[in-house]
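[1] sequence unknown, structure follows:
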């Protein structure tokens with residue numbers, strides 16, 4: 001073997017080793033954080049999710065030890081439950097909640113903002129609500145909660161949901177826009193056009209995103225679910241991937257991001273894994289709802305199913321999260337209804353989280 005040949009082989013081996021190390025470092029990346037939203041702070045709930053290997057959670061904003069059953073079909077949205085404006089959180093209450101969670105070995109990573117109905121409806125007194133949002137963002141930053149999720153919707157089309165069953169009688173919910181097509185506007189909500197809602201959203205983001213940047217907090221807007229264009233005279237401004245792409249352009253900041261919902265994205269007839277790559281490569285996915293559906297008519301008619309039984313390629317999605325280096329929460333969000341389940345739907349959550357963990361291991365291997 002000539003000296004030149006040995007030199008080429010040596011250089012090739014060095015390059016191959018460097019490439020392998022680079023791939024290994026990339027594969028390490030940030031770990032995918034399979035988490036769970038908390039509806040209560042009871043020992044049973046917190047310890048159950050610990051047993052499933054959960055470490056990161058969504059933190060509630062009220063301290064409650066009482067377990068509550070989550071209905072399979074969401075309650076009918078009739079507009080704001082109260083005419084009172086959003087009020088700032090009580091920092092001491094949130095510290096108490098956070099301490100309770102951390103004492104159980106869990107890490108709070110996200111909190112829900114609540115509805116900003118004065119802002120969304122364009123009411124004259126919306127400015128006070130925006131100030132409350134700014135205060136809440138600062139509180140989250142001071143507590144080290146990196147993400148706040150919110151919706152920007154005047155009225156959700158939840159009346160289109162229905163209850164059905166799957167194999168063995170498992171409880172499922174479906175959606176059909178035909179159930180709501182002819183429903184009239186509500187007096188307490190009125191009608192709101194797409195143009196009006198986008199103008200209000202633009203003003204909202206320009207007011208609060210600078211505060212979020214200063215606080216080290218990211219906002220995650222959940223897409224409209226169901227993703228229909230209009231419900232009872234109220235436009236649904238975040239109903240497509242095009243809408244989500246426009247959202248992140250309104251204010252160019254990682255603090256202005258989305259909740260990537262694989263179920264809603266599939267309801268739109270879109271490829272969820274490709275959507276993850278688009279938004280993830282731009283560092284605009286700040287929270288994830290990981291679920292599956294079977295779609296009959298995109299946007300308008302679909303069935304929510306167990307994670308392994310829908311149109312969405314869940315493994316491709318998990319691999320895409322790994323590929324883009326996503327580092328915040330991935331939560332199962334929904335679960336079908338199992339017979340004789342507990343008040344906390346422990347059978348359903350155990351199935352969902354177990355499936356997500358298997359996908360995580362496959363994606364990270």
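    That came in fine, so what should we check first? Everything numeric in this text was worked out from a predicted model, so none of it was measured.
[2] residues contacting the closest residue in space to residue 177 that isn't next to it in sequence?
    Using CB to CB, 6 or more residues apart in numbering and skipping residues adjacent in sequence, the residue nearest residue 177 is residue 300, 4.1 Å away. (Glycine included, C-beta is placed from N, CA and C.) Residues near residue 300 by CB atoms under 8 Å, 6 or more residues apart in numbering: 176-178, 228.
[3] Try it again at 10 Å.
    Contact partners of residue 300, counting by CB atoms under 10 Å, 6 or more residues apart in numbering, are 160, 175-178, 181, 226-229, 267.
[4] secondary structure class for the residue lying closest to residue 256 once chain neighbours are set aside?
    Closest residue in space to residue 256, ignoring its immediate chain neighbours: residue 209 at 5.1 Å, by CB to CB, 6+ apart. Assigned with DSSP: H, G, I helix; E, B strand; the rest coil, residue 209 falls in the helix class.
[5] could you pull out the strands for the stretch 151-300 of the chain?
    Ranges of strands in the stretch 151-300 of the chain, per DSSP state E, counting those that start in this stretch, are 161-165, 171-176, 218-221, 230-231, 234-235, 256-261, 285-289, 292-297.
[6] Take these and write them to CSV, including mean neighbour count, distance to residue 321 and mean pLDDT.
    As requested, the strands of the stretch 151-300 of the chain are arranged in CSV below (neighbours: other CB atoms under 10 Å; distance: least, CB to CB, whole Å; pLDDT from 0 to 100):
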stretch, mean neighbour count, distance to residue 321, mean pLDDT
strand 161-165, 14, 28, 97
strand 171-176, 20, 25, 97
strand 218-221, 26, 14, 98
strand 230-231, 22, 31, 97
strand 234-235, 23, 31, 97
strand 256-261, 26, 9, 98
strand 285-289, 26, 7, 98
strand 292-297, 18, 15, 98
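[7] closest one to residue 128 among the ones you listed?
    Taking CB to CB, strand 218-221 is the member of the strands of the stretch 151-300 of the chain nearest to residue 128, at 19.2 Å.
[8] Within its sheet, name the partner strands of that closest one and how each one runs.
    strand 147-150 (parallel), strand 256-261 (parallel) (DSSP bridges).
[9] would you turn those strands into a markdown table with distance to residue 315?
    Listed next are the strands paired with strand 218-221 as a markdown table, based on distance: least, CB to CB, whole Å:
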| stretch | distance to residue 315 |
| --- | --- |
| strand 147-150 | 25 |
| strand 256-261 | 16 |
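[10] To residue 235, which of those strands lies closest?
    Closest to residue 235 of those is strand 147-150 (CB to CB; 17.5 Å).
[11] quick check: mean pLDDT across that closest one?
    The pLDDT scores in strand 147-150 average 98.
[12] In three-state terms, how would residue 93 be classified?
    Here residue 93 is recorded as helix under three-state DSSP.
[13] For it, give me the pLDDT.
    With respect to pLDDT, residue 93 has a value of 97.
[14] separation between the residue lying closest to residue 364 once chain neighbours are set aside and residue 74?
    Spatial nearest neighbour of residue 364, chain neighbours left out: residue 322 (6.1 Å); criterion: CB to CB, 6+ apart. Distance, residue 322 to residue 74, by CB to CB, to the nearest Å: 31 Å.
[15] So which of these two has more stuff around it?
    Comparing residue 322 with residue 74 by neighbour count (other CB atoms under 10 Å), the higher total belongs to residue 322, at 21 against 14.
[16] Correct me if wrong: that one contacts residue 30.
    Yes: between residue 322 and residue 30 there is a contact under CB atoms under 10 Å: 9.0 Å.
[17] Neighbours of residue 266, how many?
    The number of residues packed near residue 266 is 24, by other CB under 10 Å.
[18] any idea how far it lies from residue 223?
    Separation of residue 266 from residue 223 (CB to CB) stands at 12 Å.
[19] just residue 339 next, same as before
    Distance of residue 339 to residue 223, computed by CB to CB: 31 Å.
[20] More neighbours: which of these two?
    Using other CB under 10 Å as the criterion, residue 339 and residue 223 rank with residue 223 on top: 28 against 9.
[21] residues contacting the more buried one?
    Taking CB under 10 Å, 6+ apart, we find residue 223 in contact with 151-153, 236-241, 243-244, 247, 258-261, 263-265, 267-268, 289.
[22] next structured bit after the worst-scoring helix or strand of the chain on mean pLDDT?
    Every helix and strand of the chain was ranked by mean pLDDT, DSSP states H and E. The lowest is helix 3-28, at a mean of 40. Following helix 3-28 in sequence order, the next helix or strand is strand 33-37 (DSSP states H and E).
[23] quick one: stretch 330-342 to chain centroid distance?
    How far stretch 330-342 lies from its chain's middle: 16 Å, per CA atoms, centre = their mean, to the nearest Å.
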